[in-house]
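Chemist: fold the following for me, if possible:
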Amino acid sequence: MGYNAGMVKIWDYDINELKKTEGGRRIILERMINYGPDEGEKINLSEVKKNWDKLQLFTLQKRLLELLIWGKYISSRKSKTPFWM
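Modeler: Numbers count the residues shown, from 1 in each chain. Predicted structure coming up:
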């Protein structure tokens, strides 16, 4: 497995093998959300919505996407204390 610009964030998998399966494409999507897309890549909104319940996202990224996509937090528990305390 040689170096590939598309493998910068997916260092522990063969990206070409991942693209062949739905689960693999979901892993790629998770990595793009959690670690940021590579330069020139875009995160597909329809794929995020379609796979939302299956994605394993970091808490802050998940909360931000919930707010951007649906305009509210849908899965995060409500905190009783402000984040600055």
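
Chemist: need the helices for this structure, in chain order.
Modeler: Using DSSP state H, the helices of the chain run over residues 15-18, 22-35, 45-51, 59-70.

Chemist: just name the most buried of those helices.
Modeler: Burial of the helices of the chain is given as mean neighbour count (mean count of other C-beta atoms under 10 Å); helix 22-35 ranks first at a mean of 16. (Each C-beta comes from the backbone N, C-alpha and C, glycine too.)

Chemist: just the terminal-to-terminal distance for stretch 33-53.
Modeler: Stretch 33-53 has an end-to-end distance of 14 Å (criterion: C-alpha to C-alpha, to the nearest Å).

Chemist: let me redo that: stretch 53-73
Modeler: For stretch 53-73, the end-to-end distance is 14 Å (C-alpha to C-alpha).

Chemist: ok, residues contacting it?
Modeler: Here stretch 53-73 makes contact (C-beta atoms under 8 Å, 6 or more residues apart in numbering) with 26, 29-30, 33-34, 45, 48-49, 74-76.
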